[in-house]
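Engineer: following is a predicted model, sequence given first.
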Amino acid sequence: MTAPDVLAEEQVERFHRDGWLHLEGALSEEVLRGLRGEFDAWVEESRSHTEPYGLTFDGRPRFDLEPGHSAERPALRRIASPTELSDAYLRAMRSSAAVDAAAQLIGPNLEFNHAKVNSKLPGAATEVGFHQDILFEAHTNDDMLAVLYFLDEVTLENGPLEVVPGSHRGPLYEHWHDGVFTGAVGPEVVEMARAEAIPCIGPAGSACLMHGRLLHGSGPNLSDRPRTLFISAYRSEDSYPLDTSHVPSEHEGELVRGVRTNRVRCTSMEMALSEVPAGASFFDQQAKERT
């Protein structure tokens, strides 16, 4: 399937310059309602659990709970590979204006990489330390992009994604420190990132398209409103994984736009291979940085 051009030339240039792009109206109201309804049901289900539960096909928990989660105050913070559980999420992964935009930016031949839901329910304390996604998923080239769909309005108060514009054109920073994979950059890089980061905010149904090398993080939810993101990641069809996926999916490698070329493209970059988390998500790895 050939994707139509949905972005103006100025938007394409801005993405390649800054490494991210906000896209209004990425999801229709009908699709948004379906995704929200599924997530609300998962939150209700989580009330009956006291620790991470469910299984992905590599045997790790699918549903990750924030410390302090309870039936009275649920704190479901991640769902791995929701496309395996929900037709609504699978359809959104395969078809939206944002998928067409991704093909325009890193395609035209585009494969699905992985998907997850990251949520910060009201009062959630989880912070995401500054990191670069490609350091978790080494590939032969860096034409990789994540679409972060806003299932809720994202505000300055509810823990928005914060990005460092242009950092995708800079170095790959170490995520190992003193022999430990923390899934985050070191203190000196954090200082720079905090000084230069800008928040990605917008209405429910919009999306942020983010390059795989872009330096980003987020703070806790300090509001009484949820902040839930459906994150669907893609790669150029000629970009091949070099390590085990942290978010395994039966749909990984599915061609969502374009054609198969049977070619591999390699670009010059150097990084240490990551450590696959033993638990439900990388949040526990990042907690090592703060202990």
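Structural biologist: Right, received. Where do you want to start?
Engineer: can you map out the helices along the stretch 151-291 of the chain?
Structural biologist: Under the criterion DSSP state H, counting those that start in this stretch, the stretch 151-291 of the chain contains helices at 187-196, 283-287.
Engineer: packing partners of the longest one?
Structural biologist: What that stands for is helix 187-196. strand 128-131 (3 or more CB pairs under 8 Å, 6 or more residues apart in numbering; DSSP states H and E). Backbone N, C-alpha and C define where each C-beta goes, glycine included.
Engineer: can you tell me which helices and strands the strand it packs on packs against?
Structural biologist: With contacts defined as 3+ CB pairs under 8 Å, 6+ apart, strand 128-131 has these neighbours: helix 187-196, strand 216-218, helix 283-287.
Engineer: highest average neighbour count across those?
Structural biologist: Comparing the helices and strands packed on strand 128-131 by mean neighbour count (mean count of other CB atoms under 10 Å), strand 216-218 comes out on top with a mean of 23.
Engineer: average pLDDT for it?
Structural biologist: Strand 216-218 shows a mean pLDDT of 97.
Engineer: show me what that strand pairs with in its sheet, parallel or antiparallel.
Structural biologist: Applying DSSP bridges to the sheet, strand 216-218 is found paired with strand 128-131 (antiparallel), strand 161-163 (antiparallel).
Engineer: TSV for those strands, including mean neighbour count?
Structural biologist: TSV is the format used below for the strands paired with strand 216-218 (neighbours: other CB atoms under 10 Å):
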stretch	mean neighbour count
strand 128-131	22
strand 161-163	23
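Engineer: and Glu153, which of those strands is closest to it?
Structural biologist: When the strands paired with strand 216-218 are compared by CB to CB, strand 161-163 sits nearest Glu153, at 13.3 Å.
Engineer: show me how far that closest one is from its chain's centre.
Structural biologist: Mean-position distance between strand 161-163 and its chain equals 11 Å (CA atoms, centre = their mean, to the nearest Å).
Engineer: ok, residues contacting it?
Structural biologist: With CB atoms under 8 Å, 6 or more residues apart in numbering as the test, strand 161-163 has contacts from 19-20, 148, 154, 197-200, 208, 210, 214-219, 229.
Engineer: let's see 10 Å
Structural biologist: The contact list for strand 161-163, computed with CB atoms under 10 Å, 6 or more residues apart in numbering, reads 18-20, 118, 128, 130, 148, 150, 154, 193-194, 196-201, 208, 210-211, 214-219, 227, 229, 231.
Engineer: how about the strands in the stretch 101-250 of the chain?
Structural biologist: With strands called from DSSP state E, counting those that start in this stretch, the stretch 101-250 of the chain shows them at 110-120, 128-131, 144-150, 161-163, 176-177, 180-181, 198-200, 207-211, 216-218, 227-236.
Engineer: just to revisit the earlier point, let's have the helices of the stretch 151-291 of the chain in a markdown table, adding distance to His175 and mean pLDDT.
Structural biologist: Output for these, formatted as a markdown table (distance: least, CB to CB, whole Å; pLDDT from 0 to 100):
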| stretch | distance to His175 | mean pLDDT |
| --- | --- | --- |
| helix 187-196 | 10 | 97 |
| helix 283-287 | 9 | 66 |
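Engineer: out of those, nearest to Thr140?
Structural biologist: Thr140 lies closest to helix 283-287 among the helices of the stretch 151-291 of the chain, at 24.3 Å (CB to CB).
Engineer: residue ranges in the stretch 101-250 of the chain under the pLDDT threshold?
Structural biologist: Applying pLDDT under 70 to the stretch 101-250 of the chain picks out no residues at all.
Engineer: middle-most residue in this protein, spatially?
Structural biologist: Nearest to the mean C-alpha position of the chain, by CA atoms, centre = their mean, lies Ile231 at 4.3 Å.
Engineer: how about it, what does it touch?
Structural biologist: 78, 82, 114-118, 133, 146-149, 161, 207-208, 210, 247.
Engineer: swap the cut-off to 6 Å and go again
Structural biologist: By CB atoms under 6 Å, 6 or more residues apart in numbering, Ile231 lies in contact with 116, 146, 148.
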